[in-house]
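Enquirer: Predicted model follows, preceded by the sequence.
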Amino acid sequence: MFGRDIGIDLGTANLLMHIKGQGIVLNEPSVVAVDSITGKAMAVGEEAFQMVGRTPDDIVALRPMRDGVIADFDLTESMLRHFLMRVNVRSTFKKPRILICCPTDITSVEQKAIRETVEKSGGKDVYLEKEAKVAAIGAGMDIFQPSGCMVVDIGGGTTDVAVLSMGGIVTSRSIKTAGDQFDSDIYHYIKRKYKLLIGERTAEDIKKELASVSPSGRKEEKEIRGRDMVSGLPRTISFDSQEIDQALQESVSNIVQAAKLVLEKTPPELSADIIDKGVFLTGGGALLHGIDELLTEELKVPVFIAEEPLHCVAIGTGIMLENLDKMSGKVRA
Ligand SMILES: Nc1ncnc2c1ncn2[C@@H]1O[C@H](COP(=O)(O)OP(=O)(O)OP(=O)(O)O)[C@@H](O)[C@H]1O
């Protein structure tokens, strides 16, 4: 069976694959470029991502996942099929067993849709696991002890907050406020204040390079290019990082509230453990400048960014693949 088990982090923003015994073998944006006339996929992953906002009329760069769940089944299936072929785990005679992650609060219908899509794209046995749990394992937390661990996984589409103990989720919350919402907040702020339209990619770059949500902040300035809404012509503005604070305020406050709600529902013994061990931040949103500082201040417990926040779920699937035979919730194709 060596090499036939594969862990997939099917994210709204990025798709990672981990093959048992080999480690992370694929890390690509969850984007497909489609010919809008024939419906045929023209490019997948990084190549398609480069096209976002830059395609001619007859090609559209689409994200098949939204808010952590499948938004377009056919597109997700062809994206998964493409990547499984690329990492060379599909063969006519032997299909791989697949462990795939999903947000904490999705419905059974959404779970079924993920399983069926993965099966159609080439998986044999499909195992579903909650993303927050896998992220905690990938961040190096020992969730199997009778002791509380807390993780806040801020992805592209969802933020999953969970307290875990003895291998299970004790209390959790999943909200649809995460990296994509931050990008949208920045886009709307610049549109409203400067009457400037910017692209999706530019908004994301601003978030990564300028944004800060910590009380101490960061002071950077950057030239932003876009299209003037009044004249319709290209325009450049100088943008100050401190302005983004306001743009992200509501979304960041939603994440803080979700974490507080989970802590409020946590049994006191486990709360005491969390004070000792701290909270771990995973997912790409953990890299939002100052989010650890802000959460430490708001939650009154130490908050740490995991070592490789963007890889935690994929690393976690790798660890869980070792125990795939013992896992519950298995569905046979
Ligand atoms: N340095 C950074 N600063 C802020 N945000 C970042 C940074 N690097 C990546 N991100 C954001 O992280 C998000 C992607 O994170 P991740 O890959 O963990 O999400 P995902 O697993 O695809 O999404 P989900 O779990 O919601 O389905 C994107 O919104 C991206 O813009």
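Expert: That came in fine, so what should we check first?
Enquirer: Contacts only, for the residue nearest to residue 285 when sequence neighbours are not counted.
Expert: In this structure, residue 285 finds its nearest non-sequential neighbour in residue 154, 2.6 Å apart by C-beta to C-beta, 6 or more residues apart in numbering. Using the backbone N, CA and C atoms, a C-beta is placed for each residue, glycine as well. With C-beta atoms under 8 Å, 6 or more residues apart in numbering as the criterion, the residues that contact residue 154 are 178-179, 255, 281-286, 288, 291.
Enquirer: Now the residue nearest the centre of the chain: closest residue in space, sequence neighbours ignored.
Expert: Note on the chain: the residue nearest the mean C-alpha position is residue 155, at 2.8 Å, using C-alpha atoms, centre = their mean. Computed as C-beta to C-beta, 6+ apart, the closest residue to residue 155 that is not its neighbour in sequence is residue 283, at 4.3 Å.
Enquirer: Check the gap between that neighbour and residue 144 for me.
Expert: Distance, residue 283 to residue 144, by C-beta to C-beta, to the nearest Å: 22 Å.
Enquirer: Same drill for the two, tell me which one is more crowded.
Expert: Between residue 283 and residue 144, residue 283 has the larger neighbour count (other C-beta atoms under 10 Å), namely 30 against 13.
Enquirer: Spit out the contact partners of the more buried one.
Expert: Neighbouring residues of residue 283 by C-beta under 8 Å, 6+ apart: 135, 153-155, 159, 178-179, 309-310, 312-313.
Enquirer: Show me the subset of these that also lies near the ligand.
Expert: The residues of the contacts of residue 283 that also fall near the ligand, by C-beta under 6 Å from any ligand atom, are 155, 178-179, 310.
Enquirer: send the alpha carbons of stretch 249-258 over as CSV?
Expert: Presented in CSV, the C-alpha positions along stretch 249-258 are these (Å, rounded to 0.1, in the frame of the first residue of the first chain):
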residue,chain,number,x,y,z
GLN,A,249,-11.9,46.0,11.4
GLU,A,250,-15.3,44.3,11.0
SER,A,251,-13.9,41.0,9.6
VAL,A,252,-11.2,40.8,12.2
SER,A,253,-13.7,41.5,15.0
ASN,A,254,-15.9,38.5,13.6
ILE,A,255,-12.9,36.2,14.1
VAL,A,256,-12.2,37.5,17.6
GLN,A,257,-15.9,37.0,18.5
ALA,A,258,-15.9,33.4,17.1
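Enquirer: mind listing what's buried in that stretch?
Expert: Residues 251-252, 254-256, 258 are the ones in stretch 249-258 that count as buried (16 or more other C-beta atoms under 10 Å).
Enquirer: Would that stretch count as contacting the ligand?
Expert: No. Stretch 249-258 stays clear of the ligand (C-beta under 6 Å from any ligand atom), getting no nearer than 11.4 Å.
Enquirer: For that stretch, what does the pLDDT average out to?
Expert: For stretch 249-258, mean pLDDT rounds to 97.
Enquirer: Next to the ligand, which bits of this protein? Give me the list.
Expert: Going by C-beta under 6 Å from any ligand atom, the residues of the chain near the ligand are 9, 11-14, 68, 155-158, 178-180, 204, 207-208, 283-285, 287-288, 310.
Enquirer: Next step: these restricted to helices.
Expert: Mapping the residues of the chain next to the ligand onto helices (DSSP state H) picks out 179-180, 204, 207-208.
Enquirer: Out of those, grab the one that's most surrounded.
Expert: residue 179 (26 neighbours).
Enquirer: so how far is residue 68 from that one?
Expert: 11 Å.
Enquirer: shared neighbours of those two, anything?
Expert: The contact lists of residue 179 and residue 68 share 155, 157, where a contact means C-beta under 8 Å, 6+ apart.
Enquirer: and the gap between residue 52 and residue 141?
Expert: With the distance defined as C-beta to C-beta, residue 52 ends up 34 Å from residue 141.
Enquirer: neighbour-wise, which of the two wins?
Expert: Applying other C-beta under 10 Å to residue 52 and residue 141 shows that residue 141 carries more neighbours, namely 23 against 18.
Enquirer: and that one, which of the three is it?
Expert: coil (DSSP: H, G, I helix; E, B strand; the rest coil).
Enquirer: What values do phi and psi take at it?
Expert: Dihedral pair for residue 141: phi -80, psi 140, per degrees, to the nearest 10.
Enquirer: Could you dump the buried residues of stretch 249-258 into JSON lines and include distance to residue 236 and secondary structure?
Expert: Output for the buried residues of stretch 249-258, formatted as JSON lines (distance: C-beta to C-beta, whole Å; DSSP: H, G, I helix; E, B strand; the rest coil):
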{"residue": "251", "distance to residue 236": "26", "secondary structure": "helix"}
{"residue": "252", "distance to residue 236": "28", "secondary structure": "helix"}
{"residue": "254", "distance to residue 236": "32", "secondary structure": "helix"}
{"residue": "255", "distance to residue 236": "32", "secondary structure": "helix"}
{"residue": "256", "distance to residue 236": "34", "secondary structure": "helix"}
{"residue": "258", "distance to residue 236": "37", "secondary structure": "helix"}
